[in-house]
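In: coordinates only, sequence not included:
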């Protein structure tokens, strides 16, 4: 079994990878915002996981969610440890990045550095 780490929510939202979940252990790093918790609740339920509040890890043998922050090195390590592939599609883009350039820099640059280092 291959371990595939995703650092984004749109891949599951499009459901393409979810269709292939039997081939991979899917591992996600997701910011634990109220919106993200709602978006991923259905996947937790489908995978038989029990939701948690705030940060932390929920997992079984086929699916893992690290509720954390890509700008936190320890969260990235917890996500990518043992992965065969990492697909990074996280980004802060306009208009958000225009209003919060420091946050965008942390996610878009430091997040990538954490992945490479981990």
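Out: Yes, it's here. Every value quoted in this text rests on a predicted model; they were computed, and no experiment measured them.
In: Can you tell me how far residue 47 is from residue 28?
Out: With distances defined as Cβ to Cβ, to the nearest Å, the gap from residue 47 to residue 28 amounts to 11 Å. Bear in mind the C-beta positions are built from the backbone N, C-alpha and C, glycine included.
In: ok, the two, which is more surrounded?
Out: For residue 47 versus residue 28, the count of surrounding residues by other Cβ atoms under 10 Å is larger for residue 28: 23 against 19.
In: Report the secondary structure state of the more buried one.
Out: Under DSSP: H, G, I helix; E, B strand; the rest coil, the three-state class of residue 28 is strand.
In: Hmm, residue 65 and it touching each other?
Out: Yes - here residue 28 lies in contact with residue 65, judged by Cβ atoms under 8 Å, at a distance of 5.0 Å.
In: pull the helix or strand with minimum mean pLDDT from the protein.
Out: Lowest mean confidence among the helices and strands of the chain (mean pLDDT, DSSP states H and E): strand 2-6, at a mean of 48.
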